[in-house]
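Participant: sequence and predicted structure, then a few things I'm wondering about:
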Amino acid sequence: MGVTSVQGFRFKLVANNQILDLFADEEMLVSNNVTGLFDLGALPSDFTRTITLPGTKINNHFFEFVYDISVEDPYTFSTNQKVPCYLDFDGIYLSSGYLQLNAVNVYQNKFIDSYEVTVFGGLSSFGRDLKTQFLTDLTSSLAQYNHTSSLENISSSWGGNLFSGSIVYPMAEYGQKITYTPEEAFFGIDSAEGGMTIQDYKPAIRVKDVWDGIFQQYGFTYTSEFWEQSWLSSVYMIANNKLRYPVYAEYDLEIYGLFRTAPISGSGMTNVTMSAVTDLQIPFYNIQSNPNGNLSSDLVYTLDFNSRLRGELNLNFTVQSTGVGNGIPQFYLKVKDLSGTTVSTTALVNFNSYMTQIQTYNATQTRTQEFTLLTQYSTAVLPAGQYRFYLDYDNSGGSNFQVILNPNNQTKSLFSVTKVNQGGSGLVMNMAANMPFGTNGIKLIDFIAGIQKKFNLVIYPNKNKLNDFIVEPFIEWYKSGEIKDFNRYINLDKKITVSPANNFAVNELNFGDTLDQDYISQQFNRGANREFGKTYYVDTNNFFSQGKFEVKTTFASSPLIYLAGTGISGSASGGGPIAFSVGDCLLSYSSNPITWCGGSGYVELFSSTGVLEPSAAMYYDAYGNNPVTGYRFVTDKNNSSAGLCDVYNINQYTGVVGTYVDNCSNTPIGCI
């Protein structure tokens, strides 16, 4: 409302309980309309105004005391002070907030003529503090939610047991290209090689906890029955700062360990004749991508922690017949440390299956043929160290052939590491560092304004408590309002124009969130020709309505992507288990858990008498870590098989021993 009094009523500016003198002709326009209650980030909100105060005795005494100025040295004053103040108009409370001194005007170099000050309403001061800060700056208030990235914390969050439900880890697609049922022998998340890893999970935090964190960190409080509603405890935002993986201080998992190499024509990298059962270091010295520098120029790969590697191998080769027979190669990818010891051997199942089909098709005679085949691979767990990569093949059905790598000087082959599986295991999840950032950072004021629009809230200062705000839905604020008669303050001698509200009606009203750049939202937008979660209203009753009005929040909502094999409901009940990769074991959460073990050194805990006690038996991985509390597995330490281990499955909730799986006809032992 703009108020100009011609009937002797005056504003009072009260700062630190001192009524300051004003110029007699000072006109003050106060914006306190409904619009200002919603546009916290864009408008001056409840009040912001610069005014000039006279250099009277009262004002001089006030500013000398508060801002450390004097008549002798008026050019030195404290500009970073915020002094509590409020405005009063004929006994009607208008706004409380802060007064800040901008300048002191002096004449004859010794007398103070006036003071230029800015009065910020409480809400404006709040908005001003938040306009230069981002969600990632909530380092103080969100530090209470920092935690270790582990399977135990991830799985416990699903039951609301991580910070009493403030943090949960949803199963979501962030660009990892999650596939449930393996196709063409590639790895799905229900397989040992393609199991989900700790770094595949990003935390989600309750929206209310972020809201509270902002107020807490910047010294403000609020009163609100709206935020006490129980359903708001189920409203979360994903801590989605980067693309596929969480943010850690130690490693940038978007690039850590990744590389792509290819052969260079000539120089011993093409027309390479391989020998059966002889390891050939992959001779691809054209390093096309190596963002973190894990691969040296002589193709030595450095790994800083124990982990599986996942990647792709596109192999261009010729199988050349050298005599009578029906032989065909079966390929293996090997990883060796610098001493030459093989640490991992991975059968290239896609290649080998296809070669077997070719062998069947060729019947009795190997034919000379050129192939370019692509496969994914997953290594065993590699201890931290330095490695080289090798290619090997065995003869199947005969030795009447040669394998020539990159024939005819072609450079079609590619070798890459696309994921270092255990990159996030055991690292500290810093919640502030993982808060959404967008392109240039998401400002705190935009977050608050987005919540306002999302839930149709109004925020206004509590006139009885400094730095406290009342937050309530618009309808509640409207119903609790008072009618004030301002006729006696208005100059009725001047022309007053009244416009019918009908003239301002809009024809189209749209409610929605901001379109995100994530893959799923963009695909929905292209396919449905509309933004996900947007609602459209068209006025068909008012002949004079025109134009469009959009209510758009600063948030982005995204549709859920359906994973094949997970059932119509979206739960895992319609398909198989989901595997979780921990160290060198994958734990499968389903009604009949199975443990895939890719190494040795597993530890079983029994009682001192050698009798299995479910309350005492805990699963440990090969490195002595206990990644899961509650899920108990006992393995056969003597099992030398590279496949399934012998396992007792012990129910998480009842402690009852489940089905015994004896894959190697070994008898479990009762001591370490």
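Facilitator: The structure has been received and is ready for your questions.
Participant: rest of the way, CA atoms for contacts and neighbours
Facilitator: Noted.
Participant: and the contacts of stretch 239-252?
Facilitator: 174-176, 199-205, 253-254, 423-424, 427-431, 433-438 (CA atoms under 8 Å, 6 or more residues apart in numbering).
Participant: now with 10 Å, please.
Facilitator: 136, 149, 167, 169, 173-177, 198-205, 253-254, 257, 292, 304, 423-424, 427-439, 441, 518 (CA atoms under 10 Å, 6 or more residues apart in numbering).
Participant: same question for stretch 216-224.
Facilitator: 126, 129-130, 137-142, 210, 212-215, 459-462, 465-473.
Participant: what ranges do the helices span in the stretch 251-400 of the chain?
Facilitator: 349-362 (DSSP state H, counting those that start in this stretch).
Participant: related to what we said a few turns ago, and the contacts of stretch 216-224, which of them are in strands?
Facilitator: Ile459, Tyr460, Pro461, Asp468, Phe469, Ile470, Val471, Glu472, Pro473 (DSSP state E).
Participant: want to throw the residues you listed into TSV with neighbour count and pLDDT?
Facilitator: Below are these laid out as TSV (neighbours: other CA atoms under 10 Å; pLDDT from 0 to 100):
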residue	neighbour count	pLDDT
Ile459	25	83
Tyr460	24	77
Pro461	23	75
Asp468	20	83
Phe469	23	84
Ile470	16	86
Val471	21	89
Glu472	21	89
Pro473	16	89
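Participant: looks to me like Glu476 is in a helix.
Facilitator: Yes. Under DSSP: H, G, I helix; E, B strand; the rest coil, Glu476 sits within a helix.
Participant: and it, how far from Ile459?
Facilitator: Glu476 sits 12 Å away from Ile459, going by CA to CA, to the nearest Å.
Participant: before we move on, what about Glu254?
Facilitator: 40 Å.
Participant: make sure Leu232 is indeed in a helix.
Facilitator: Yes. Per three-state DSSP, Leu232 lies within a helix segment.
Participant: right, and it touches Trp211 too?
Facilitator: No. Using CA atoms under 10 Å, Leu232 is not in contact with Trp211, being 11.7 Å away.
Participant: average pLDDT across the helix or strand hosting Asp88?
Facilitator: Using DSSP states H and E, Asp88 maps to strand 83-89. Across strand 83-89, pLDDT averages out at 77.
Participant: same check, this time on stretch 384-398
Facilitator: 95.
Participant: list the buried residues for it?
Facilitator: Residues of stretch 384-398 classed as buried by neighbour count (16 or more other CA atoms under 10 Å): Gln386, Tyr387, Arg388, Phe389, Tyr390, Leu391, Asp392, Tyr393, Asp394, Asn395, Ser396.
Participant: skipping its backbone neighbours, what lies nearest the first one in space?
Facilitator: Once its chain neighbours are removed from consideration, Gln386 has its nearest residue in Thr302; the separation is 4.4 Å (CA to CA, 6 or more residues apart in numbering).
Participant: now for the ones in strands among the contacts of stretch 216-224: which two are most distant?
Facilitator: Asp468 and Pro473 (16.8 Å; CA to CA).
Participant: hmm, Lys552 is touching Asp513, no?
Facilitator: Yes. Using CA under 10 Å, Lys552 is in contact with Asp513, at 5.2 Å.
Participant: shared neighbours, those two?
Facilitator: Joint contacts of Lys552 and Asp513 (CA under 10 Å, 6+ apart) are Gly450, Lys453, Lys454, Lys534.
Participant: measure the first one to Asn146 for me?
Facilitator: Noted for Gly450: a distance of 25 Å to Asn146, by CA to CA.
Participant: please identify which of those two sits among more neighbours.
Facilitator: Gly450 (23 against 16; other CA atoms under 10 Å).
Participant: the more buried one looks like it's in a helix, true?
Facilitator: Yes. Under three-state DSSP, Gly450 falls within a helix.
Participant: for it, report the pLDDT, please.
Facilitator: At Gly450, pLDDT is 85.
Participant: got it, and the one 5 residues further on?
Facilitator: Phe455 is assigned a predicted lDDT (pLDDT) of 87.
Participant: dump the residue contacts of it.
Facilitator: Per CA under 10 Å, 6+ apart, neighbours of Phe455: Phe226, Glu472, Pro473, Phe474, Thr553.
Participant: tell me the contacts of Asp394?
Facilitator: So Asp394 contacts Ser275, Ala276, Val277, Thr278, Gly327, Ile328, Pro329, Gln330, Phe331, Tyr332 (CA under 10 Å, 6+ apart).
Participant: can you rerun that using 6 Å?
Facilitator: Contacts here follow CA atoms under 6 Å, 6 or more residues apart in numbering; on that basis Asp394 touches Ala276, Val277, Pro329, Gln330.
Participant: ok, Trp313 to Trp158 distance?
Facilitator: No Trp there; residue 313 is Leu. From Leu313 to Trp158 the distance is 36 Å (CA to CA).
Participant: compare those two (neighbour count), which wins?
Facilitator: Using other CA under 10 Å as the criterion, Leu313 and Trp158 rank with Leu313 on top: 19 against 14.
Participant: pretty sure the more buried one sits against Tyr377.
Facilitator: No. Using CA atoms under 6 Å, Leu313 is not in contact with Tyr377; the gap is 7.5 Å.
Participant: quick one: low-confidence ranges for the stretch 551-672 of the chain?
Facilitator: For the stretch 551-672 of the chain, the stretches with pLDDT under 70 are 558-672.
Participant: coming back round to it: what's the most distant pair in the buried residues of stretch 384-398?
Facilitator: Gln386 and Ser396 (32.2 Å).
Participant: list the buried residues in the strand holding Asp88.
Facilitator: Pro84, Cys85, Tyr86, Leu87, Phe89.
Participant: counting neighbours, what do you get for the residue nearest to the fourth one when sequence neighbours are not counted?
Facilitator: Translated: Leu87. Using CA to CA, 6+ apart and skipping residues adjacent in sequence, the residue nearest Leu87 is Leu13, 5.0 Å away. Leu13: 19 surrounding residues under other CA under 10 Å.
Participant: would you mind measuring from Thr136 to Tyr201?
Facilitator: Distance from Thr136 to Tyr201, by CA to CA: 19 Å.
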